[in-house]
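Engineer: For reference, the sequence and a predicted model appear below.
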Amino acid sequence: MSETVELHGCPVVDSLGQTVVHVPREAYLDVVKALADDGYTMCVDLTGVDYLERPARTLPAGIAAERFEVVVNLLDMRARRRLRLRVQVPAEDAVLPTLFDLHPGTEAMEREVFDMFGVAFTEHPDLTRILMPEDWIGHPLRKDYDVGRIPVQFKGANS
Amino acid sequence: MATDFYERSVAGTDEGDQQLRPRSEQTAKELLREVGSVLRMSEAEAALLGDLPDDPDDDQTMIINMGPQHPSTHGVLRLMLELQGETVLRCKPIIGYLHTGMEKTGEQLTYAQGGTNVTRMDYLSPLANELVFSMATEKLLGIDGDIPDRAVWIRMLLAELNRMSSHLLFMATNGMDLGAVSMMIYGWREREEVLRFFQEVTGLRMNHNYIRPGGLAADLPPRWRDGVLRILDMLPDRLDEYDVLMTGQPIWRERLQGVGVITPSEALALGATGPILRSTGVEWDLRRDQPYLHYDEMEFDVVVGSYGDAFDRYAIRLAEIRESMKIVHQILDKMPAGDYRIQDKKVTPPPRARIDESMEALIHHFKIFTEGFKVPEGEVYVGIESPRGEIGCYIVSDGSANPYRMHMRDPSFVNIQCLPHMMRGGLVADAVAVISSVDPVLGGVDR
């Protein structure tokens, strides 16, 4: 596990043959920008993971595990290669800068992460819930959000 | 600004309005940002575009709702349109009406059960959903190279037939949306032939749960070749009829050409994939550019357009049906004999016959179907070409029998962001043609 490969100063690991870059939150925007200049011009996917139940997990040296992780999949069409970024986002300050100005296609994806995990994206043009109703309370894909917590009530049923 | 967002997210109750706000409530910067950032322009450049009336007042424009029940919405899509007369100035798709938390459900189901869940997401290409989920799971298990050849070829056969059935349905709905109602009947009729074959093979017309981690649920039925050949014999003539009915027809062309134009740079910036990206002339098809299964052994063309309009997207899908038929012909020649699932005791339940005679087999069978199989720790993303573009599956495994996190990157969800850019400056009467040409499946958008 003594990988020393680095990309723009961020540790690179291999996950089942796929390249994964662990990016510190402070460098996130700059690294994505630098990667776009390297050819990774398309952001295919942006999603989140709540590691509430798995605080201890294997991460490269220098990367401290936090509760949330935002995972970004980038694509270099010319060289036909893919890259995955993993960014640690602490629960007490769940904020990341938006990628909207670099990859406008992340607009809906960031809204989904915000909706589902409560990770906010600063400077996002329209940070509202996207899948849940606007008055919903809580973020459903968080691990402390129980399944079936909302009681189903039927009109006119005898309880 | 940052703290403002943060406080709102912690309170978790008021994330704000999803609606399209009136022009007067948005700053000029916000309005320009909608356009400028996608076109990679500075604000000044975007302002010089000049194909929109300069800053109309609120009383000249009107914001109307289209949907969520409009028949052309392919599900429950709601669009808010800002109109000036009949010109669409802005548009905002509002989604979530079909959201059922399938990614959350996926965390409660084992990998063996996961197929039943994902197959219901994009319900017009269920086999692509199952395929990408199975491929991701197999990669985590480390058995992705050991899937028997016959299973891989059958997967390809079904994936291509599914592409055909999905595009045939597009032909039907696109016709219906544009008033070619007889086309709707023809498209559904041909699609039904393909679904009938799926029913013979998988037992169900849709939501098959046929492609599973480790292989397939069952082998092809004895007379499967006849079923495929019947489709392949029937389709070419029917597709020629479509050409007569639509492609060469002046009304059809007038209705679609130059409508909903999107440029290559816009499509790439918005993350659009599939026929939308290809309609702009960008040759990108994962089957050719990042081949999976045995697509590298297949002869087929990646069809691209040149104008990025609704007609190109229609023509590409029609041509892709023909390309898929080409691939299916080759698969018929190459289909090997062999096993249809991996003989790995960890993921494959014992054959039915052995359950009657062996207690161990019975226990083993019971355990796989109640507890599921454990998948080693790790995380993986697999992307394949579905009829609508790149469908991706990101799975995080914690070593248990359930995925810790299962995310589907659905092409419709991303592609639907193109709508505001395709509709901008167009007529409201063309809005339906534009929605239709994006071919979104709301089951996939909302998951």
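Structural biologist: Nice, thanks for sending it over.
Engineer: show me the contacts for residue B:124.
Structural biologist: Shown in contact with residue B:124 (CB atoms under 8 Å, 6 or more residues apart in numbering or on different chains): B:165-166, B:169, B:387, B:441. (Glycine included, C-beta is placed from N, CA and C.)
Engineer: okay, which residue is most central for chain B?
Structural biologist: residue B:388 (3.9 Å; CA atoms, centre = their mean).
Engineer: Could you find the closest non-adjacent residue to the residue nearest to the spatial centre of chain A?
Structural biologist: Nearest to the mean C-alpha position of chain A, counting by CA atoms, centre = their mean, stands residue A:70 at 1.8 Å. Leaving out its chain neighbours, the residue that sits closest to residue A:70 by CB to CB, 6 or more residues apart in numbering or on different chains is residue A:87, at 4.7 Å.
Engineer: show me what contacts the residue nearest to the centre of chain A?
Structural biologist: A:46-48, A:86-87, A:89, A:96, A:113, A:119.
Engineer: I'd like to know how many residues surround the residue in the stretch 201-350 of chain B that chain A sits nearest to.
Structural biologist: At 2.8 Å from chain A, residue B:271 is the closest residue in the stretch 201-350 of chain B, using CB to the nearest CB. Neighbour count for residue B:271, taken as other CB atoms under 10 Å in any protein chain shown: 29.
Engineer: One more: residue B:297?
Structural biologist: For residue B:297, using other CB under 10 Å, the count is 12.
Engineer: all strands for chain A, in order.
Structural biologist: For chain A, strands defined by DSSP state E occupy the ranges A:6-7, A:10-15, A:18-23, A:42-50, A:68-76, A:81-89, A:95-97, A:120-122.
Engineer: what would these look like in JSON lines with mean pLDDT and distance to residue B:373?
Structural biologist: Output for the strands of chain A, formatted as JSON lines (pLDDT from 0 to 100; distance: least, CB to CB, whole Å):
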{"stretch": "strand A:6-7", "mean pLDDT": "82", "distance to residue B:373": "35"}
{"stretch": "strand A:10-15", "mean pLDDT": "87", "distance to residue B:373": "20"}
{"stretch": "strand A:18-23", "mean pLDDT": "91", "distance to residue B:373": "22"}
{"stretch": "strand A:42-50", "mean pLDDT": "92", "distance to residue B:373": "22"}
{"stretch": "strand A:68-76", "mean pLDDT": "93", "distance to residue B:373": "25"}
{"stretch": "strand A:81-89", "mean pLDDT": "92", "distance to residue B:373": "25"}
{"stretch": "strand A:95-97", "mean pLDDT": "91", "distance to residue B:373": "35"}
{"stretch": "strand A:120-122", "mean pLDDT": "89", "distance to residue B:373": "37"}
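Engineer: out of those, deepest packed?
Structural biologist: A comparison of these by mean neighbour count, using mean count of other CB atoms under 10 Å in any protein chain shown, puts strand A:42-50 on top with a mean of 25.
Engineer: Residue 102: how many residues sit nearby?
Structural biologist: The chain I'm using is chain A. 19.
Engineer: look at chain B instead
Structural biologist: If you count neighbours by other CB under 10 Å, residue B:102 ends up with 19.
Engineer: How about the contacts made by the residue nearest to it when sequence neighbours are not counted?
Structural biologist: With sequence-adjacent residues excluded and distances taken as CB to CB, 6+ apart, residue B:102 is closest to residue B:447, at 4.6 Å. By CB under 8 Å, 6+ apart, residue B:447 lies in contact with A:131, B:99-103, B:121, B:408, B:410, B:413.
Engineer: Give me the pLDDT value at residue B:447.
Structural biologist: Listed pLDDT for residue B:447 reads 84.
Engineer: sorry, back to before: can I get the contacts of residue B:124 in CSV with neighbour count and distance to chain A?
Structural biologist: CSV is the format used below for the contacts of residue B:124 (neighbours: other CB atoms under 10 Å in any protein chain shown; distance: CB to the nearest CB, whole Å):
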residue, neighbour count, distance to chain A
B:165, 28, 25
B:166, 27, 21
B:169, 24, 24
B:387, 28, 17
B:441, 27, 15
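Engineer: okay if I get those residues as a markdown table plus pLDDT and secondary structure?
Structural biologist: Listed next are these as a markdown table, based on pLDDT from 0 to 100; DSSP: H, G, I helix; E, B strand; the rest coil:
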| residue | pLDDT | secondary structure |
| --- | --- | --- |
| B:165 | 93 | helix |
| B:166 | 93 | helix |
| B:169 | 91 | helix |
| B:387 | 93 | coil |
| B:441 | 88 | coil |
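Engineer: Show me which of those is closest to residue A:109.
Structural biologist: residue B:441 (17.6 Å; CB to CB).
Engineer: What is the distance between stretch B:418-431 and the centre of its chain?
Structural biologist: Here the centre of stretch B:418-431 is set off from its chain's centre by 21 Å, with CA atoms, centre = their mean, to the nearest Å.
Engineer: err, stretch A:86-104, not the other one
Structural biologist: Worked out by CA atoms, centre = their mean, stretch A:86-104 lies 7 Å from the chain centre.
Engineer: Tell me the spacing between residue B:62 and chain A.
Structural biologist: Computed as CB to the nearest CB, to the nearest Å, the residue B:62 to chain A distance reads 21 Å.
Engineer: Please identify the buried residues of whichever strand or helix holds residue B:191?
Structural biologist: Per DSSP states H and E, residue B:191 falls inside helix B:181-202. Residues of helix B:181-202 classed as buried: B:183-184, B:186-188, B:190-191, B:193-195, B:197-198, B:201-202 (neighbour count, 16 or more other CB atoms under 10 Å in any protein chain shown).
Engineer: Just the CA trace of it, in PDB.
Structural biologist: Output of helix B:181-202 as PDB, limited to C-alpha atoms (Å, rounded to 0.1, in the frame of the first residue of the first chain):
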ATOM      1  CA  VAL B 181     -50.500   9.000 -34.900                       C
ATOM      2  CA  SER B 182     -50.400   6.000 -37.200                       C
ATOM      3  CA  MET B 183     -46.700   5.800 -36.500                       C
ATOM      4  CA  MET B 184     -47.400   5.300 -32.900                       C
ATOM      5  CA  ILE B 185     -49.300   2.100 -33.600                       C
ATOM      6  CA  TYR B 186     -46.600   0.800 -35.900                       C
ATOM      7  CA  GLY B 187     -43.800   1.500 -33.500                       C
ATOM      8  CA  TRP B 188     -45.600  -0.200 -30.600                       C
ATOM      9  CA  ARG B 189     -46.400  -3.100 -32.900                       C
ATOM     10  CA  GLU B 190     -42.800  -3.700 -33.800                       C
ATOM     11  CA  ARG B 191     -41.600  -3.200 -30.300                       C
ATOM     12  CA  GLU B 192     -44.100  -5.800 -29.100                       C
ATOM     13  CA  GLU B 193     -42.500  -8.400 -31.400                       C
ATOM     14  CA  VAL B 194     -39.200  -7.800 -29.600                       C
ATOM     15  CA  LEU B 195     -40.800  -7.900 -26.200                       C
ATOM     16  CA  ARG B 196     -42.500 -11.200 -27.200                       C
ATOM     17  CA  PHE B 197     -39.100 -12.600 -27.700                       C
ATOM     18  CA  PHE B 198     -38.000 -11.300 -24.400                       C
ATOM     19  CA  GLN B 199     -41.000 -13.000 -22.800                       C
ATOM     20  CA  GLU B 200     -40.000 -16.300 -24.400                       C
ATOM     21  CA  VAL B 201     -36.500 -15.900 -23.000                       C
ATOM     22  CA  THR B 202     -36.900 -14.300 -19.600                       C
END
